[in-house]
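Asker: quick one, what's the 3D model for this:
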Amino acid sequence: MSDLMKVLGQNIQYIRKLRGLTQEELAEKCEMQTSYLAGVERASRNITIQTLEKITTGLEVLPEDLFDLTQFLEKQEPAKQTLLNKLEYRLANCSEKELKLITKIVADIQEAFNEED
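Answerer: The predicted structure is shown next:
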């Protein structure tokens with residue numbers, strides 16, 4: 001098994017556990033067999049791009065998150081990183097106009113929080 005397959009499998013497992021999902025739950029979300037997902041996590045199965053896409057959708061992450069060594073190695077503030085990944089995933093499909101509005105809303109919320117302090 002290759003090092004890349006190991007990183008991919010370990011990151012899938014790590015993110016799955018951060019999401020509080022069992023292998024069965026993620027496999028169901030991805031429309032695949034639990035045994036197949038387990039093989040991917042163990043790096044004993046090669047996967048296709050379509051399968052990778054199903055897994056990223058099921059985990060609500062970007063494909064690059066599954067190949068990110070820092071996320072797996074550092075594990076600092078995993079809950080915060082998970083929220084940032086979810087936010088990035090949702091923002092990826094927004095138009096420029098929507099992103100500008102969302103940015104303004106976030107800035108307004110941050111300003112309100114700062115005024116409370």
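
Asker: CA only for contacts and neighbour counts going forward, please
Answerer: OK.

Asker: flag the shaky bits of this structure, pLDDT-wise.
Answerer: Scanning the chain with the threshold set as pLDDT under 70 gives 1, 69-78, 116-117.

Asker: just name whatever secondary elements the helix ranked longest in the chain is in contact with.
Answerer: Ranked by residue count under DSSP state H, the longest helix found in the chain is helix 96-116. On a contact count with 3 or more CA pairs under 8 Å, 6 or more residues apart in numbering; DSSP states H and E, helix 96-116 meets no helix or strand.

Asker: now do that helix: distance to the chain's middle.
Answerer: Relative to its chain's centre, helix 96-116 lies at 24 Å (CA atoms, centre = their mean, to the nearest Å).

Asker: how close does the most centrally placed residue in the chain get to M32?
Answerer: Nearest to the mean C-alpha position of the chain, by CA atoms, centre = their mean, lies V61 at 2.7 Å. Relative to M32, V61 is positioned 18 Å away (criterion: CA to CA, to the nearest Å).

Asker: next, the residue nearest to the centre of the chain: secondary structure please.
Answerer: When the structure is reduced to helix, strand and coil (DSSP: H, G, I helix; E, B strand; the rest coil), V61 reads as coil.

Asker: quick one: the helices in the protein?
Answerer: 3-18, 23-30, 34-41, 49-59, 69-74, 78-91, 96-116.

Asker: possible to save the ones you listed as CSV with mean neighbour count?
Answerer: Converted to CSV, these look like this (neighbours: other CA atoms under 10 Å):
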stretch, mean neighbour count
helix 3-18, 18
helix 23-30, 17
helix 34-41, 18
helix 49-59, 16
helix 69-74, 14
helix 78-91, 14
helix 96-116, 11
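
Asker: circling back to that earlier point, so the residue nearest to the centre of the chain touches N85, yeah?
Answerer: Yes: taking CA atoms under 8 Å as the contact criterion, V61 and N85 are neighbours in contact, 5.9 Å apart.
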